[in-house]
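> Got a predicted model here, sequence first, then my questions.
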Amino acid sequence: MLTVRALKRLHLCVSFELQGGECVALQGPSGVGKTLLLRSIADLDPNEGAVMLHGRLRETMPAPVWRKQVTYVAAEPGWWSDTVQEHFTAWEDALPLVERLRLPHDCASWPIQRLSTGEKQRLALVRALVLQSRVLLLDEPTSALDAASAGAVEALIAERVVAGTSVIWSTHDDAQARRVGSRVFLMNTGGRIEEKLM
Ligand SMILES: Nc1ncnc2c1ncn2[C@@H]1O[C@H](COP(=O)(O)OP(=O)(O)OP(=O)(O)O)[C@@H](O)[C@H]1O
């Protein structure tokens, strides 16, 4: 279970609990703070408040260990090497996910420069999924995808949720929020979240 108590970053002040095997959709107007919240939970930016995984405070473990368990997937992911495969420790672990997400199996050798926005988005998701994190913080993970690829992402994440992974899924798509989330959190301009009736 992920517990967030009085998490503060800029204008945000947020508290909630997320059970294991639960997916919550996060919605709200552009610029309201959804990315700030997800990055704060992953401890990627300075923030205050208590964030716990199964009762253990994040400050009791090194930040890289926390981020491997509570993993943020950016809408516009970063890349640090020249080719796709160089971003993976074990490409063979990534390959089944690459195929599930309708990416060509030979994309391992592709230079990052040639990737489309949607290919980058799916490969960044694969990078996160191979970690087998307890919590996935997905920032508009299908914003650059066609319907078929978005459906493949939704199906894959749904399997992880059934297997016990907790997910926060930021989306501007109301129908997607209802499909993927068992609850929907609505962030308001005051930086608070309230549960939206579905
Ligand atoms: N480091 C920062 N310092 C000051 N303000 C910031 C910083 N990072 C983001 N902001 C501001 O905080 C607000 C929230 O940004 P955020 O990216 O979280 O919005 P969002 O809800 O994810 O929007 P969108 O739906 O467009 O992706 C924006 O007004 C943004 O300009």
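Nice, I can see it.
> residues near the closest residue to Trp66 other than its chain neighbours, how many?
Nearest residue to Trp66 in three dimensions, chain neighbours excluded: Arg58, at 4.7 Å (CB to CB, 6 or more residues apart in numbering). C-beta here means a position set from N, CA and C on the backbone, and glycine is covered the same way. By other CB atoms under 10 Å, the residues close to Arg58 number 19.
> how about Arg58, what does it touch?
Listed by CB atoms under 8 Å, 6 or more residues apart in numbering, the contact partners of Arg58 are Asp43, Val51, Met52, Trp66, Val70.
> Got the phi and psi for the closest residue to the last one other than its chain neighbours?
What sits nearest to Val70 in space, not counting adjacent residues and going by CB to CB, 6+ apart, is Val135, at 4.4 Å. For Val135, the backbone dihedrals (degrees, to the nearest 10) come out as phi -130, psi 130.
> Surely Val135 touches Val51?
No. Counting by CB atoms under 8 Å, Val135 does not reach Val51; the two are 10.0 Å apart.
> which neighbours do those two share?
Leu2, Ile41, Val70.
> What's the mean pLDDT across stretch 183-190?
Stretch 183-190 shows a mean pLDDT of 96.
> and Val24, what is it in contact with?
Taking CB under 8 Å, 6+ apart as the test, what Val24 contacts is Phe16, Leu18, Val167, Ile168, Trp169, Gly181, Ser182, Arg183, Val184, Phe185.
> Give the closest residue to the last one in space, chain neighbours not counted.
When you say that, I think you mean Phe185. Once flanking residues are discounted, Phe185 sits nearest to Ile193: 4.5 Å by CB to CB, 6+ apart.
> circling back to that earlier point, quick one: which of the shared contacts of Val135 and Val51 is the most crowded by neighbours?
In the shared contacts of Val135 and Val51, the most neighbours by other CB under 10 Å go to Ile41, 24 neighbours.
> still on that earlier bit, would you reformat the contacts of Arg58 as JSON lines and include secondary structure and distance to Pro111?
As requested, the contacts of Arg58 are exported to JSON lines (DSSP: H, G, I helix; E, B strand; the rest coil; distance: CB to CB, whole Å):
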{"residue": "Asp43", "secondary structure": "coil", "distance to Pro111": "31"}
{"residue": "Val51", "secondary structure": "strand", "distance to Pro111": "37"}
{"residue": "Met52", "secondary structure": "strand", "distance to Pro111": "41"}
{"residue": "Trp66", "secondary structure": "helix", "distance to Pro111": "32"}
{"residue": "Val70", "secondary structure": "strand", "distance to Pro111": "31"}
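> Wait, Ala90 touches Leu131, no?
No. Counting by CB under 8 Å, Ala90 does not reach Leu131; the two are 11.3 Å apart.
> Those two: who's more crowded?
Under the neighbour definition other CB under 10 Å, Ala90 and Leu131 were set side by side, and Leu131 has more, 14 against 8.
> who in the chain is up against the ligand?
Leu10, Gly28, Ser30, Gly31, Val32, Gly33, Lys34, Thr35, Leu36 (CB under 6 Å from any ligand atom).
> Kindly write the PyMOL command that selects the buried subset of those residues.
Buried residues within the residues of the chain next to the ligand, by 16 or more other CB atoms under 10 Å, are selected in PyMOL with:
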select buried, resi 28+32+33+34+35+36
